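Student: Structure, please.
(one chain, ligands or ions: 1)
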Amino acid sequence: MEAGWRDNIIGRGNNDSSEGQLHPRHLGTKSIEMPRINLCKLSDVPFGELLAIRRDGYPSLVVAHSEIGFSVLRDNCTHEDYPLSEGAIVGDLVECPLHGGQFCLRSGGAITPPAIDSVERYDHEVEDDQIWITI
Ligand code: FES
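Tutor: As a prediction, the model looks like this:
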């Protein structure tokens, strides 16, 4: 299954093609294949910036490069579904531009009202200067 997202980076051109890889996960006694998805190159997300990632059939994601390194979150503020990728990094938090709700980039936890519910955070891997997630 191919699942490269690099052509879907919002706001930056990227003509490199990338093959998705399958990553086996073992659940109980069954082994299932989960898609391992290339999101972007490390250099696509300079320090202090947010990068929106879009791909049909997958949730909208945002890659953040903060003082804690790279983080991958769902790109939806849980207060009113506003894209966090349009916000700003404040230390190890991402701040929603609409009402100022803040989320922890380590956990996705809601830190500052009006955000109450956590935003989904994805574990990622860095390999060959690329950021990957498995979903
Ligand atoms: S929509 Fe994000 S804080 Fe309100």
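
Student: pretty sure residue 63 contacts residue 71?
Tutor: Yes: with contact defined as CB atoms under 8 Å, residue 63 reaches residue 71; the gap is 7.3 Å. C-beta: built from backbone N, CA, C; applies to glycine.

Student: Now do the shared contacts for these two.
Tutor: Applying CB atoms under 8 Å, 6 or more residues apart in numbering, one finds that no residue jointly contacts residue 63 and residue 71.

Student: the strands in the chain, which residues?
Tutor: 21-27, 30-41, 50-53, 61-66, 69-74, 88-90, 93-95, 102-104, 110-112, 121-122, 124-127, 130-134 (DSSP state E).

Student: so what strands line up beside the shortest one?
Tutor: Sheet neighbours of strand 121-122, with direction, are listed as strand 69-74 (antiparallel) (DSSP bridges).

Student: Excluding chain neighbours, what is closest to the residue nearest the centre of the chain?
Tutor: The residue lying closest to the centre of the chain (CA atoms, centre = their mean) is residue 72, at 2.8 Å. Nearest non-adjacent residue to residue 72, counting by CB to CB, 6 or more residues apart in numbering: residue 122, 4.3 Å away.
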